[in-house]
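**Student:** coords please:
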Amino acid sequence: MTLTFFIDAALQRQPFYRDANLIWKANEQKVIAGYVTTACLTDLFYLVNQKRTTAVDFRAVRICVDTFRLCTVSTNEVKQALHLAGDDFEDNLQLACAISYQLDAIVTRDKGFPKLGLPILTPAALLRQIGR
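**Tutor:** Numbering: from 1, shown residues only. Now for the predicted structure:
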């Protein structure tokens, strides 16, 4: 899952919250195995902090850590991201982590996310795929 998914869930952003919530529940029910990069968590904290209080920010990060599997970002993923063809480093880092962890797909609403060898699914497409 990319940062937008976690922001949609944490801030209950409409109209995206419904899909984010359904995916979140599918992850909790072990229908899917959702992952979050450790780099995403710092961005999540920062962005939620712009809208809420620090206590809520830490709670949002704790819930993500308790609910999703973590992809740590090491030197290898950073170097791989720098060599990917995409022009958005954050997206490249997400992709490098997904490749490193041998994930099946990336779920994002970002229409410009680089398509570099891994399926890129919208939240709606993932929900259709899992019958939700």
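
**Student:** for stretch 71-88, the distance to its chain's centre please.
**Tutor:** 15 Å (Cα atoms, centre = their mean, to the nearest Å).

**Student:** Need the residues that contact it.
**Tutor:** 35-39, 89, 92-93, 95-101, 103, 112-114, 116 (Cβ atoms under 8 Å, 6 or more residues apart in numbering). Where you see a C-beta, it was placed from the backbone N, CA and C, and this is true even at glycine.

**Student:** Among these, name the buried ones.
**Tutor:** Among these, those classed as buried by 16 or more other Cβ atoms under 10 Å are 35-37, 39, 92-93, 95-99, 103, 113-114.

**Student:** Show the contacting residues for residue 61.
**Tutor:** 41, 44, 45.

**Student:** out of the residues you listed, who has the most neighbours?
**Tutor:** residue 44 (22 neighbours; other Cβ atoms under 10 Å).

**Student:** where's it, which helix or strand?
**Tutor:** Following DSSP states H and E, one finds residue 44 within helix 38-49.

**Student:** list the helices and strands that helix packs on?
**Tutor:** Helix 38-49 sits against helix 3-11, helix 54-67, helix 89-100, with contacts defined as 3 or more Cβ pairs under 8 Å, 6 or more residues apart in numbering; DSSP states H and E.
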